[in-house]
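Enquirer: Any chance you can model this:
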Amino acid sequence: MPPRFCGACAIARGHSRRWLSAGRVVPELDQPRVRELVVGSYRLMYEIHEENVYVLGLIHGARDLAALWDEEVRGRPADS
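Expert: Numbers count the residues shown, from 1 in each chain. Just a heads-up that it's a prediction; the model follows:
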């Protein structure tokens, strides 16, 4: 795990909901509660709930999130 990611998680854990809401909405998902912070070359995606924040994933920025999401949801590669 990249050292900057660990540092970003520690920083995010100590910040308020307002700060976490400043992350941009993940464009591929377009859901206001699902946001991301860019940490170096990685995208740290998280979902904000009333009292909790859930880390959804950490992917390299060069990866195709739409294809990865399709593979996860459908259980097969997007080009199959």
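Enquirer: Return the list of strands paired to the helix or strand containing residue 56, each annotated with direction.
Expert: Element membership for residue 56 (DSSP states H and E) is strand 53-60. Strand 53-60 has its sheet partners listed here by DSSP bridges as strand 42-48 (antiparallel).
Enquirer: got the buried residues for the strand it pairs with?
Expert: 42, 43, 44, 45, 46, 48 (16 or more other Cβ atoms under 10 Å). (C-beta placed from N, C-alpha, C; glycine too.)
Enquirer: closest to residue 56 among the residues you listed?
Expert: When the buried residues of strand 42-48 are compared for distance to residue 56 (Cβ to Cβ), residue 45 wins out at 4.4 Å.
Enquirer: any idea how far the closest one is from residue 31?
Expert: 11 Å (Cβ to Cβ, to the nearest Å).
Enquirer: residue boundaries of the helices in the chain?
Expert: Here the chain has its helices, by DSSP state H, at 3-13, 17-21, 65-74.
Enquirer: thinking again about what came up before, pLDDT of the strand holding residue 56, averaged?
Expert: What strand 53-60 shows for mean pLDDT is 84.
Enquirer: Go through it and flag the buried ones.
Expert: 53, 57, 58, 59.
Enquirer: got any residues that touch both of residue 45 and residue 31?
Expert: Counting by Cβ atoms under 8 Å, 6 or more residues apart in numbering, no residue touches both residue 45 and residue 31.
Enquirer: could I get the buried residues of strand 53-60 as JSON lines with distance to residue 22?
Expert: As requested, these are exported to JSON lines (distance: Cβ to Cβ, whole Å):
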{"residue": "53", "distance to residue 22": "13"}
{"residue": "57", "distance to residue 22": "19"}
{"residue": "58", "distance to residue 22": "18"}
{"residue": "59", "distance to residue 22": "20"}
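Enquirer: Please tell me how far the residue lying closest to residue 21 once chain neighbours are set aside sits from residue 59.
Expert: In space, and not counting its chain neighbours, residue 21 is closest to residue 48: 6.6 Å by Cβ to Cβ, 6 or more residues apart in numbering. For residue 48, the distance to residue 59 equals 19 Å [Cβ to Cβ].
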